[in-house]
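Chemist: Below is the structure, and that's it, no one-letter string:
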Ligand SMILES: *Cc1c(COP(=O)(O)O)cnc(C)c1O
């Protein structure tokens, strides 16, 4: 292995992104100059309050929310998901509705909350995902029952990048009077999101997935949809989320979202060119497979399985070459279980183990893409040459699955 050409190519933007210059610049004054507590009545506090409400208005506008009061700041995507689902479930239970519709490939912030609710007496229907990683609106319509309180279906998948038909699903839920929540953490700032046109009742987003600071997120809740407090304490966020706001990070979130939404189309096009170059290059490797629909996917997402190797070994060797990628979501790496997302597509365990996720940002260059297309085939070949599984496949002792 040649590790001489050491450099860093960061392609794990679905795990987190670097803060943009605009986002850093926007937050700095709120660390020292405007350090007040937005709940304080004096001038320093009121300056902070003004910045908080300005951020709320801008984020509401970018989502096309009707009113800034529909935005509740949280610590991030996980908290927003937990609060939305918990609140909608509790509200449904008040009317004897304890059924929830979701999918098999949600983020763990959603899945683990649902698992807990199941232990508390709720019933959850996990819709199967098609081989292309898309949930069809008809599946949602068929799963909704008279006792369904909530449908929670992610906007774009964090591992395979597939974009769901959210507007169609939203229309069905609105018609059937079921609260519709979407985890849009991977979508906001990357693809167009319009809560009104898409009939979304609740939506989760997170700043650090679009070049804002870590530790800030938001939950959109349409006016008229009840929201219960998730953290008890002070009266912040109209009594729904106690705790002094992470103002500097929230200001960075508004700045990052403005930047991400301005020129979104041009940026997405540029990133998709690199994505397609990498997909074309890596799917030339024999016995490999692109996971998720080829076109209905995020502009920066590549997710490919290679038969006969372990994703973890692939990642470590790529890391040696300076390529920072992932084998699935950051939350599942470190466990040896194959990704629940890849299994939900119907991939066999053996194949799901050999996955590589590359997620690009506008900071990536054509040279990065070329480097990836050069290095990955070398590493895959190196690993296959040492793999007893691959040897058995090549000798015909086991059938190839890809
Ligand atoms: C990252 C991510 C989350 C969690 O967001 P945090 O802000 O890190 O808590 C939730 N859902 C999806 C789809 C994500 O990609």
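Modeler: Nice, I can see it. Please read all numbers here as calculations on a predicted model, not as lab measurements. Numbering: from 1, shown residues only.
Chemist: This structure against the ligand: which residues are in contact?
Modeler: When proximity is defined by C-beta under 6 Å from any ligand atom, the chain lies next to the ligand at 76-78, 81, 107, 109, 154, 158, 183, 185-186, 206, 208-209, 217. Yep, even glycine has a C-beta here, placed from its N, CA and C like the rest.
Chemist: redo that, cut-off 8 Å
Modeler: Near the ligand, the residues belonging to the chain are 14-16, 75-81, 106-110, 154, 156-158, 183-186, 204, 206-209, 214-215, 217, 329-330 when assessed by C-beta under 8 Å from any ligand atom.
Chemist: hmm, which of the residues you listed are the buried ones?
Modeler: Among the residues of the chain next to the ligand, those that count as buried by neighbour count (16 or more other C-beta atoms under 10 Å) are 14-15, 75-81, 106-107, 109-110, 154, 156-158, 183-186, 204, 206-209, 214-215, 217, 329.
Chemist: and residue 35, how many neighbours?
Modeler: 14 (other C-beta atoms under 10 Å).
Chemist: Restricted to helices, list the buried ones among the residues of the chain next to the ligand.
Modeler: Among those, the members falling in helices (DSSP state H) are 77, 78, 79, 80, 81, 109, 110.
Chemist: which residues in the stretch 251-400 of the chain form strands?
Modeler: When secondary structure is read from DSSP state E, counting those that start in this stretch, the stretch 251-400 of the chain shows strands at 288-290, 301-306, 323-324, 355-359.
Chemist: What is the burial count for residue 85?
Modeler: Counted by other C-beta under 10 Å, the residues lying close to residue 85 total 27.
Chemist: The closest residue to it other than its chain neighbours: what secondary structure?
Modeler: Distance criterion C-beta to C-beta, 6 or more residues apart in numbering; nearest residue to residue 85, sequence neighbours excluded, is residue 113 at 4.8 Å. Three-state call for residue 113 (DSSP: H, G, I helix; E, B strand; the rest coil): helix.
Chemist: any idea how far residue 113 lies from residue 192?
Modeler: Residue 113 sits 27 Å away from residue 192, going by C-beta to C-beta, to the nearest Å.
Chemist: same thing with residue 93?
Modeler: 34 Å.
Chemist: if I pick residue 375, what's in contact with it?
Modeler: Contacts here follow C-beta atoms under 8 Å, 6 or more residues apart in numbering; on that basis residue 375 touches 318, 321, 323.
Chemist: Please read the previous query as pertaining to residue 153.
Modeler: 101-103, 106, 127, 135, 140, 164, 166, 169, 180-182.
Chemist: I'd like the ones in helices among the buried ones among the residues of the chain next to the ligand as TSV, with distance to residue 131 and pLDDT appended.
Modeler: Listed next are these as TSV, based on distance: C-beta to C-beta, whole Å; pLDDT from 0 to 100:
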residue	distance to residue 131	pLDDT
77	27	98
78	28	98
79	33	98
80	30	98
81	26	98
109	25	98
110	22	98
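Chemist: Most widely separated two among those?
Modeler: For those, the farthest-apart pair by C-beta to C-beta is 79 and 110; their separation is 12.1 Å.
Chemist: Overlap of the contact sets of the two?
Modeler: The contact lists of residue 79 and residue 110 share no entry, where a contact means C-beta under 8 Å, 6+ apart.
Chemist: Skipping its backbone neighbours, what lies nearest residue 366 in space?
Modeler: If you skip the residues right next to it in sequence, residue 366 has residue 274 as its closest partner in space, 6.7 Å away by C-beta to C-beta, 6+ apart.
Chemist: Count residues in the vicinity of the one you found, would you?
Modeler: A count of nearby residues for residue 274, using other C-beta under 10 Å, gives 24.
Chemist: That one and residue 291, how far apart?
Modeler: Computed with C-beta to C-beta, the distance linking residue 274 and residue 291 is 18 Å.
Chemist: Ok, residue 383 next?
Modeler: Relative to residue 291, residue 383 is positioned 19 Å away (C-beta to C-beta).
Chemist: More neighbours: which of these two?
Modeler: Neighbour count, other C-beta under 10 Å: between residue 383 and residue 291, residue 291 has more, with 28 against 18.
Chemist: Enumerate every residue touching the residue nearest to that one when sequence neighbours are not counted.
Modeler: Counting by C-beta to C-beta, 6+ apart, residue 291 lies nearest to residue 303, which is 4.4 Å off, once chain neighbours are set aside. Residue 303 makes contact with 159, 160, 161, 290, 291, 292, 355, 356, 357, 358 under the criterion C-beta under 8 Å, 6+ apart.
Chemist: Then residue 243?
Modeler: The contact partners of residue 243, by C-beta under 8 Å, 6+ apart, come to 231, 233, 234, 236.
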